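Structure for the following, please:
(one chain, ligands or ions: 1)
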Amino acid sequence: MSDIAIRPGRSEELSDIAALNDHAFGGPEEGRITRALWNNGDTLLSLVAVKDNKLVGHIEMFRIRVDGADCAAGLGPMSIHPDYQKTGIGSALVRRALAAMHAAQRLPVFVLGHPDYYPRFGFSADAAEAFSAPWSGPAFMAWGADEASVSEGQLTYPRAFAGDPPPNAA
Ligand SMILES: CC(C)(COP(=O)(O)OP(=O)(O)OC[C@H]1O[C@@H](n2cnc3c(N)ncnc32)[C@H](O)[C@@H]1OP(=O)(O)O)[C@@H](O)C(=O)NCCC(=O)NCCS
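From the prediction side, this is the model:
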């Protein structure tokens, strides 16, 4: 991790970021979603991990509306290059992105992701139960909801996800 830099993703890197997601997930869906989030102006934060000028990791945070108000965030897509997985890069990206969402009006963050991965960062399925979304169950988790301005409500995801579950679904 010591020689990995984490910084905001740049617009000229969008193709490389999309390709990294497609490579890590093994299909074109997460790259498409990332492009749509950027192109539709729905991204809140995009971070990349870089080693020796090579993109090795990416995390996206996007806006979610709660009962019509812009007051929450979603996590994903998130990808680490297969050669660099399980070396701590994903954890570093998640922690950096969550800190930014906390600093930004203490936004609660939602994820549909691996139930064995996200709880280590404080995500919990119980915390998501008061929110209605097109998905539910142990993979649908919330972070920071106890300190947020909203404690319940209907979530509206960006149109990048229309017809599809959000990324990171287990
Ligand atoms: C899942 C992913 C983002 C994790 O990032 P990472 O940098 O490899 O993970 P870290 O090094 O920070 O953390 C490693 C830990 O995560 C666990 N982990 C990795 N992938 C996991 C998965 N799919 N499900 C559950 N746990 C997972 C490892 O077992 C390890 O656990 P340990 O600390 O108890 O040994 C990365 O493996 C990846 O890009 N996978 C393919 C794309 C994907 O599934 N993205 C969605 C993420 S939900």
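
tell me the contacts of the closest residue to residue 133 other than its chain neighbours?
Distances taken as CB to CB, 6 or more residues apart in numbering place residue 155 nearest to residue 133, at 4.5 Å, with adjacent residues excluded. No exception for glycine: its C-beta is placed from N, CA and C like everyone else's. Counting by CB atoms under 8 Å, 6 or more residues apart in numbering, residue 155 touches 64-66, 72, 110, 131-133.

ranking those residues by neighbours, who comes first?
Compared across the contacts of residue 155, residue 110 has the highest neighbour count, 29 neighbours, by other CB atoms under 10 Å.

how much space is there between residue 17 and residue 85?
17 Å (CB to CB, to the nearest Å).

So for those two, which sits in the more crowded spot?
residue 17 (25 against 14).

ok, and the nearest residue to that one once chain neighbours are set aside, which helix or strand is that part of?
In this structure, residue 17 finds its nearest non-sequential neighbour in residue 58, 5.1 Å apart by CB to CB, 6+ apart. Residue 58 is part of strand 54-66 when elements are defined by DSSP states H and E.

Would you mind listing the buried residues in that strand?
When burial is assessed from 16 or more other CB atoms under 10 Å, strand 54-66 yields the following buried residues: 55-64, 66.

Which ones among those also lie next to the ligand?
Counting by CB under 6 Å from any ligand atom, nothing from these sits close to the ligand.

out of those residues, who's nearest residue 117?
residue 59 (12.7 Å; CB to CB).

is the closest one in a bridge, and if so with what?
On the basis of DSSP bridges, residue 59 is bridged to residue 47, residue 78.
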